[in-house]
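>>> heads up, no residue letters with this:
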C-alpha cells in the first residue's frame, strides 16, 4: 500500500491543507489590517502626569472663513493643566510651514473628574497663498497634579492632522 493510499495519510494531508489555509487567511487579514492602519489619519496624543491631550483636525466655520481648533483632554480627577496652541499654514516643496500669529495660551483648565472634555477656539483662516490653505495646529501642555503647587514641565509640541480650506 502506498502512503497516499493509507487512510491516515489522507486525513493528515487534509488537516495540513486546512492549517495552511488558516495561516494564509490570517496572514492576509493581518496584512490588510496593517495597510488600513497605515492609511488611516493619525491622531497624535501626548500623555504626561496623568493627562492625555490630543489635538484634533481643524473644522470649517463661517463658510470656511474661520477655523475651529479643538483639543481633547482626559486627566486624573482634581488636576489642573495649562494648554498652549499655535495655528499653522502648511507649505510644501521644502518651504517651512507658516505660523499664524502668536502662541494662544489657554487659561488654566481644572479637571474635576476623569471624563474627557474638548477645549476649542475659533480663528480666522489664514490667506498666505493663492488657492487652498492647508491648516493645522500644534499643542503643548503642562500639568499640576492634585495637591501640588507647581506645574510640571511642558510637553513637546504635538501637531493635529491638517485640513484644506476652503472646503
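Yes, it's here. Just so you know, these numbers come straight off a predicted model, no measurement behind them.
>>> contacts, neighbours, all on C-alpha from now
Noted.
>>> For the protein, just list every one of the strands.
Listed in chain order, the strands of the chain (DSSP state E) span 46-48, 51-55, 59-61, 66-75, 79-89, 98-99, 104-105, 109-111, 117-124, 133-144, 158-159, 163-165.
>>> could these be laid out in JSON lines, adding distance to residue 150?
What follows is the strands of the chain, written out as JSON lines (distance: least, CA to CA, whole Å):
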{"stretch": "strand 46-48", "distance to residue 150": "15"}
{"stretch": "strand 51-55", "distance to residue 150": "16"}
{"stretch": "strand 59-61", "distance to residue 150": "34"}
{"stretch": "strand 66-75", "distance to residue 150": "17"}
{"stretch": "strand 79-89", "distance to residue 150": "10"}
{"stretch": "strand 98-99", "distance to residue 150": "30"}
{"stretch": "strand 104-105", "distance to residue 150": "18"}
{"stretch": "strand 109-111", "distance to residue 150": "14"}
{"stretch": "strand 117-124", "distance to residue 150": "22"}
{"stretch": "strand 133-144", "distance to residue 150": "6"}
{"stretch": "strand 158-159", "distance to residue 150": "23"}
{"stretch": "strand 163-165", "distance to residue 150": "36"}
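>>> Least confident of these, on average?
Lowest mean pLDDT within these: strand 104-105, at a mean of 74.
>>> coming back round to it: columns distance to residue 152 and mean neighbour count on top of the strands of the chain, output as a markdown table?
Below are these laid out as a markdown table (distance: least, CA to CA, whole Å; neighbours: other CA atoms under 10 Å):
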| stretch | distance to residue 152 | mean neighbour count |
| --- | --- | --- |
| strand 46-48 | 9 | 15 |
| strand 51-55 | 12 | 22 |
| strand 59-61 | 31 | 18 |
| strand 66-75 | 14 | 21 |
| strand 79-89 | 9 | 21 |
| strand 98-99 | 26 | 16 |
| strand 104-105 | 16 | 14 |
| strand 109-111 | 14 | 16 |
| strand 117-124 | 20 | 14 |
| strand 133-144 | 5 | 23 |
| strand 158-159 | 17 | 20 |
| strand 163-165 | 32 | 19 |
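>>> Figure out which of the ones you listed is closest to residue 151.
strand 133-144 (4.3 Å; CA to CA).
>>> Who are the packing partners of that closest one?
strand 51-55, strand 79-89, strand 158-159, strand 163-165 (3 or more CA pairs under 8 Å, 6 or more residues apart in numbering; DSSP states H and E).
>>> closest one to residue 142 among those?
Closest among the helices and strands packed on strand 133-144, using CA to CA: strand 79-89, at 5.4 Å.
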